[in-house]
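Peer 1: I would like the atomic coordinates for the input below:
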Amino acid sequence: MTRDEEWLAKYYEYANFIKTNGRCPSKHFLEEHQLHSWWKHNRQLLNAGTMKLERRELFARLVALAEGNRHVNQYE
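Peer 2: Next up, the predicted model:
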């Protein structure tokens, strides 16, 4: 499996997690930690401008999906 295939697999795993759970993976749950770390690393690459061009568009879609499923504070 190439790095691009691994990246796409994580991308779809992250997107499916959001769609099935209605939230982003948390750093506080051990089983979700790896997905959270993948997200954090790719967000840093995007902000630094070092992410591959073909991944930027896909990641932008994932950011939009994540923004639509943000945690809502129940005490507000």
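
Peer 1: show me where this protein has helices.
Peer 2: 3-21, 33-48, 53-67 (DSSP state H).

Peer 1: got the contact list for the last one?
Peer 2: Under the contact criterion Cβ atoms under 8 Å, 6 or more residues apart in numbering, helix 53-67 has outside partners 7-8, 11, 14-15, 18-19, 24, 39, 42-43, 46, 51. Where C-beta positions appear, they are placed from N, C-alpha and C, glycine not excepted.

Peer 1: Same check on stretch 25-34?
Peer 2: Residues outside stretch 25-34 that contact it (Cβ under 8 Å, 6+ apart): 14, 17, 35-37, 39.

Peer 1: okay, how far is it across it, tip to tip?
Peer 2: One end of stretch 25-34 to the other measures 9 Å (Cα to Cα, to the nearest Å).

Peer 1: buried sites along that stretch?
Peer 2: 25, 32 (16 or more other Cβ atoms under 10 Å).
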